[in-house]
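S.K.: what shape does this take:
(2 chains)
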Protein chains: 2
Amino acid sequence: MAQIDSLERLINEFSKLPSVGKKTAQRYAYFLLTMKDEDVKDFADAMVSAKENIHYCKVCANFTDKDICDVCSRPNKEPVICVVKEPKDVTALEKVKDFKGSYHVLHGVINPLEGKGPNDINIRSLLDRVRNEHIQEVIVATNPDVEGEATAMYIANLLKPLGVKVSRLAQGMAMGSELEYTDSITLSKALSSRREM
Amino acid sequence: MAQIDSLERLINEFSKLPSVGKKTAQRYAYFLLTMKDEDVKDFADAMVSAKENIHYCKVCANFTDKDICDVCSRPNKEPVICVVKEPKDVTALEKVKDFKGSYHVLHGVINPLEGKGPNDINIRSLLDRVRNEHIQEVIVATNPDVEGEATAMYIANLLKPLGVKVSRLAQGMAMGSELEYTDSITLSKALSSRREM
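M.R.: Modelled structure (predicted):
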């Protein structure tokens, strides 16, 4: 086809999104061209301002637009920290409404094949938090896959000398499944029957 | 989850894209937050500038960033117009490289159930083009579904009095398809328009 530079550029940008191929990117781009001018500007502005306003919470490293995120600033939190791989895992767990503690986002898991060691994820500040916040239990809610289990193991070994209880979400989640796509009832069950490591 | 306004807004914008639900929109938004600041700005800018620069070609109504699109400005075009439903159909046909004429984009098809009549799509200018550009053949390449067939019928009836040849893309089995899995309507068409070897 006769190439239109700005259209090609837009398709190229859309195809950077996860799991978006050339065909889907083209579909999004064509759709965008049918939107109203001001709606496209709003969309673009939402992207830039989200990127500008959102950063990591100083305590738990979840996304927030404040210094300390809403979960961390909650009053009367239970002295329990739930450790997760990614911010979207917090979203999934918050939907359950069973958990009254705070979170700790690792932003990854230990994965030697990808050259990711313990220092490449957000583990160090977890130790300080356990000490300073008088935490009684740490629930390691990384995904039940090889890397997630290994990371949980590593964290458990690190924390146990501090005298804190370390637990893991109960079996009930299928091996190889992902926290993000687990339904709330299963997640709730997994939370309530978490096992000590 | 504790709501972050600018994140919610971004997720909401992404979920306007075709076939993008809440979950996918969230995935796109989280991905965007992991991109570099300048890459997000480039993305946003690509959206706004595509929308600003791209409009309909004055002749064929395909998307273009010029007054008249590259296909319409080609020298030595054959006097044949291929009528399609949408701009992406032009992209598909241009990939074949067999067609040396020009296109005419309807931006829709006649669909009484959706209240879309002949005046709601780009048909009128097609008549002028057939007259002024001394067109010898119009290939109506709308999709082979109910609305596409009805639209093709309507266009054929409109054009025939002008003495122009009106044709339709052949229907039959797709290359590489299997007889076992071909639907009966397609098989019926393939049978009735069988060709001698």
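
S.K.: for chain A, give me the ranges with low pLDDT.
M.R.: Counting by pLDDT under 70, chain A contains low-confidence residues at A:1-3, A:171-175, A:193, A:195.

S.K.: redo that, cut-off 80
M.R.: Scanning chain A for pLDDT under 80 picks out the ranges A:1-3, A:170-180, A:182-197.

S.K.: in it, which spans are helices?
M.R.: Chain-ordered helices for chain A, with DSSP state H as the definition, fall at A:5-14, A:22-34, A:37-53, A:70-73, A:87-96, A:124-132, A:146-159, A:184-192.

S.K.: closest one to residue B:7 among those helices?
M.R.: When those are ranked by proximity to residue B:7, the top entry is helix A:37-53, at 5.8 Å, counting by Cβ to Cβ. In short, each C-beta sits where N, CA and C put it, glycine included.

S.K.: got TSV for the helices of chain A, with distance to residue B:184 too?
M.R.: Formatted as TSV, the entries for the helices of chain A read as follows, by distance: least, Cβ to Cβ, whole Å:
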stretch	distance to residue B:184
helix A:5-14	37
helix A:22-34	29
helix A:37-53	43
helix A:70-73	58
helix A:87-96	45
helix A:124-132	63
helix A:146-159	49
helix A:184-192	43
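
S.K.: now these as JSON lines including mean neighbour count?
M.R.: Output for the helices of chain A, formatted as JSON lines (neighbours: other Cβ atoms under 10 Å in any protein chain shown):
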{"stretch": "helix A:5-14", "mean neighbour count": "20"}
{"stretch": "helix A:22-34", "mean neighbour count": "18"}
{"stretch": "helix A:37-53", "mean neighbour count": "18"}
{"stretch": "helix A:70-73", "mean neighbour count": "19"}
{"stretch": "helix A:87-96", "mean neighbour count": "21"}
{"stretch": "helix A:124-132", "mean neighbour count": "15"}
{"stretch": "helix A:146-159", "mean neighbour count": "19"}
{"stretch": "helix A:184-192", "mean neighbour count": "16"}
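
S.K.: ok, which of those comes nearest residue B:61?
M.R.: Between the helices of chain A, helix A:22-34 lies closest to residue B:61; by Cβ to Cβ that is 12.5 Å.

S.K.: the closest one - contacts with which helices or strands?
M.R.: helix A:5-14, helix B:37-53, helix B:87-96 (3 or more Cβ pairs under 8 Å, 6 or more residues apart in numbering or on different chains; DSSP states H and E).

S.K.: closest one to residue B:66 among the helices of chain A?
M.R.: In this view, the helices of chain A are compared for proximity to residue B:66 by Cβ to Cβ, and helix A:5-14 is the closest at 10.8 Å.

S.K.: could you tell me the angle between the closest one and helix A:22-34?
M.R.: Here the directions of helix A:5-14 and helix A:22-34 differ by 120 degrees (axes from the mean of the first three to the mean of the last three Cα atoms, to 10 degrees).

S.K.: hmm, who's touching helix A:5-14?
M.R.: Applying Cβ atoms under 8 Å, 6 or more residues apart in numbering or on different chains, the external contacts of helix A:5-14 come out as A:20, A:22, A:24-26, A:28-29, A:32-33, B:42-43, B:46-47, B:49-50, B:53-54, B:63, B:65.

S.K.: circling back: out of the helices and strands packed on helix A:22-34, flag the one nearest residue B:102.
M.R.: Each of the helices and strands packed on helix A:22-34 was checked against residue B:102 via Cβ to Cβ, and the shortest separation belongs to helix B:87-96, namely 9.8 Å.

S.K.: ok, is that closest one in contact with chain A or not?
M.R.: Yes. Under the criterion of Cβ under 8 Å from any Cβ of the partner chain, helix B:87-96 makes contact with chain A via B:87, B:88, B:90, B:91, B:94, B:95.
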